[in-house]
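[1] would you be able to build a 3D model of this:
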Amino acid sequence: MSDYRDAIFSVRPEFVKLILGGQKTVELRRTVPMYVKPGSTIYFWETSPESRLAGYARVTAIATGDVKNLWTAASARCGTRRGQFYRYFDGAAKGVAIFFANVWEYDNKPTLSEMQNVIAFTPPQSFRYVTRADKVFFQLRPVIKTHIGRSNHDRP
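    Residues are numbered from 1 along each chain as shown. Predicted structure coming up:
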């Protein structure tokens, strides 16, 4: 097994909009996904009311540590204000910032019902690792994608 795995992250619609708009390039989490590492592909599952697969990106770096230090490292790129950041991490001594680049948006975003008609897809609560069935769906489904950013190199 490789050192890293691809994952699907549940992300609220307002943050998906920032990701796809290029303003958010850091995903914040209270716990470290053990096998998500630089080189992993992360897929963005847009939560209710949208309930659809919005896009994906390549993980470039991961920072873990003290919440105060995370704010310093990620504040300019995490898509949240200081108060909201500290409320999210309330009670946590440590957190994780997952930096990503090469964002691709699905032009025809697969919905929950569409995915469940093809594979036994279960959206993640927070995140989950990509299964073989997910990979087949992602790779074989003819969807047009739009690259967000300056270059389309390193396309997953």
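[2] can you name the element that comes right after the longest strand along the chain?
    The single longest strand within the chain, with elements called by DSSP state E, is strand 52-66. Downstream of strand 52-66, the next assigned helix or strand under DSSP states H and E is helix 67-74.
[3] buried residues in that following helix, which are they?
    Using 16 or more other Cβ atoms under 10 Å as the test for burial, helix 67-74 gives 67, 70-71, 74. Heads up, the C-betas are built off the backbone N, CA and C, glycines and all.
[4] quick one: the residues you listed as a markdown table, columns for distance to V118 too.
    Shown next, in a markdown table, are the buried residues of helix 67-74 (distance: Cβ to Cβ, whole Å):
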| residue | distance to V118 |
| --- | --- |
| V67 | 40 |
| L70 | 38 |
| W71 | 40 |
| A74 | 35 |
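[5] what mean pLDDT does the longest strand of the chain have?
    Model confidence over strand 52-66, given as mean pLDDT, is 95.
[6] can you give the distance from that strand to the centre of its chain?
    A distance of 5 Å separates the centroid of the chain from that of strand 52-66, by Cα atoms, centre = their mean, to the nearest Å.
[7] ok and it relative to helix 67-74, angle-wise?
    120 degrees (axes from the mean of the first three to the mean of the last three Cα atoms, to 10 degrees).
[8] what is the neighbour count of T60?
    16 (other Cβ atoms under 10 Å).
[9] and it, how far is that from G79?
    Using Cβ to Cβ, to the nearest Å, T60 is found at 16 Å from G79.
[10] rewinding a little: which one of the buried residues of helix 67-74 is nearest to L18?
    A74 (13.2 Å; Cβ to Cβ).
[11] so where do the strands sit in the chain?
    With DSSP E as the criterion, the chain has strands spanning 7-11, 26-29, 41-46, 52-66, 94-106, 127-129, 145-148.
[12] pull out the buried positions in the first one.
    Of the residues in strand 7-11, those buried by neighbour count under the rule 16+ other Cβ under 10 Å are 7-9, 11.
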